[in-house]
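Trainee: After the sequence you'll find the predicted model.
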Amino acid sequence: MNPLILFDGVCNFCNASVNFIVARDPGKIFRFTPLQSATGQETLKRFNLSTTDLDTMVLVEGETVATRSTAGLKIARRLSGLWPLFSAFLIVPKFLRDAVYNLIAKNRYRWWGKRDACMVPTPEVRERFLT
């Protein structure tokens, strides 16, 4: 099964991040779903994660799950270009990485804005989105 990325579907920064990943995933390995979607909510429950705390990115690979900075760095590891080099930051203690992640997550709506509804993927990438 392809890795699944759960993201905040109403966050402009999160949507831009998904578009960034799509553009650097030529093998089309990643699948996506908003945290707010039925699939997102079911997946969060399956891994005993909060269904109301939507300020995290979640990466599901088989039966393993990663959140926050760990998810982001594990995603970077599988992108084209030089982005896999960022996975070296996995050696930095999680509490330090997540402190930076949490600062961005806490301010994401103020800095980048928010949509009224989850993004609608373009026809070119629609098959990679789960609802």
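Mentor: All right, it came through fine.

Trainee: could you check the distance from the residue positioned nearest the centre of the chain over to D8?
Mentor: For the chain, the residue nearest the mean C-alpha position is M57 (3.8 Å; Cα atoms, centre = their mean). As for M57, its distance to D8 is 8 Å (criterion: Cβ to Cβ, to the nearest Å). To be clear about C-beta, it is placed using only N, CA and C from the backbone, and glycine gets the same treatment.

Trainee: Give me the common contacts of the two.
Mentor: C14 (Cβ atoms under 8 Å, 6 or more residues apart in numbering).

Trainee: what about the residue nearest to L6 when sequence neighbours are not counted, distance to S80?
Mentor: Nearest residue to L6, sequence neighbours excluded (Cβ to Cβ, 6 or more residues apart in numbering): V58, at 3.9 Å. The gap separating V58 from S80 is 22 Å, by Cβ to Cβ.

Trainee: more crowded one of those two?
Mentor: V58 (20 against 11; other Cβ atoms under 10 Å).

Trainee: quick one: F129 and F32 touch, right?
Mentor: Yes - contact between F129 and F32 holds when scored by Cβ atoms under 8 Å: they sit 5.1 Å apart.

Trainee: Could you check the pLDDT of the closest residue to V125 other than its chain neighbours?
Mentor: Spatially, and ignoring its direct neighbours in sequence, V125 is nearest to V22 (5.4 Å; Cβ to Cβ, 6+ apart). Looking at V22, its pLDDT reads 94.

Trainee: who's in contact with V22?
Mentor: Residues near V22 by Cβ under 8 Å, 6+ apart: F30, V125, R128.

Trainee: Would you format the residues you listed as a markdown table with neighbour count and secondary structure included?
Mentor: Below are the contacts of V22 laid out as a markdown table (neighbours: other Cβ atoms under 10 Å; DSSP: H, G, I helix; E, B strand; the rest coil):
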| residue | neighbour count | secondary structure |
| --- | --- | --- |
| F30 | 19 | coil |
| V125 | 15 | coil |
| R128 | 19 | helix |
